[in-house]
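> give me a model of this one.
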Amino acid sequence: MSENIWGYQPTSGHQPGTTLTDYKVEATDGSIGKVDKHSDEVGSAYLVVDTGVWIFGKHVLLPAGTVKRVDAAEKKIYVDLTKDQIKDAPEFDKDKHVGDPGYHDQVGGYYGKHRRV
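You can find the predicted model right below:
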């Protein structure tokens with residue numbers, strides 16, 4: 001797994017400190033939901049996406065390295081994943097997210113194997 005999975009790609013257009021909450025999130029094959037929460041923390045940047053009714057209200061944790069492009073004008077974030085890859089991802093676990101480094105390894109490993117470099 002690349003360590004960069006938890007950091008925004010330099011070409012994404014994301015400006016640290018920009019609030020991404022409520023931005024729509026687009027997979028390579030369609031919309032998946034909106035950003036509920038995000039972090040710019042170095043080495044641990046991520047988005048928590050509320051998928052709404054698409055997959056029954058599931059929240060998913062997307063490492064910042066999955067972000068292909070941020071469009072501030074349209075308030076959209078484009079990720080380099082398909083809807084199925086996101087649907088099959090480990091569900092966001094707010095309890096493990098904060099204090100369990102193994103959880104980050106699990107999530108990062110899942111997305112790391114789907115990255116297009």
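> just name the shakiest helix or strand of the chain by mean pLDDT.
helix 94-99 (a mean of 77; mean pLDDT, DSSP states H and E).
> counting neighbours, which bits of it end up buried?
Lys96, His97 (16 or more other C-beta atoms under 10 Å). Placement of C-beta: from N, CA and C, glycine included.
> and the strands in the protein?
Using DSSP state E, the strands assigned to the chain run over residues 24-27, 30-39, 46-50, 59-63, 67-71, 76-79.
> now stretch 7-26, how far from the chain's geometric center?
10 Å (C-alpha atoms, centre = their mean, to the nearest Å).
> between the strands of the chain, which one is nearest to Glu91?
Across those, Glu91 has its closest neighbour in strand 59-63 (6.7 Å, C-beta to C-beta).
> how near is Tyr46 to Lys94?
Note on Tyr46: its distance to Lys94, by C-beta to C-beta, to the nearest Å, is 12 Å.
> spatially nearest residue to Gly52, not counting backbone neighbours?
Gly33 (5.2 Å; C-beta to C-beta, 6 or more residues apart in numbering).
> just confirm the one you found contacts Asp50, I think it does.
Yes - here Gly33 reaches Asp50: they are 5.1 Å apart, a contact under C-beta atoms under 8 Å.
> how close does the most centrally placed residue in the chain sit to Lys34?
With distances taken as C-alpha atoms, centre = their mean, the residue of the chain nearest its centroid is Leu62 (2.2 Å). Leu62 is 12 Å from Lys34, where distance means C-beta to C-beta.
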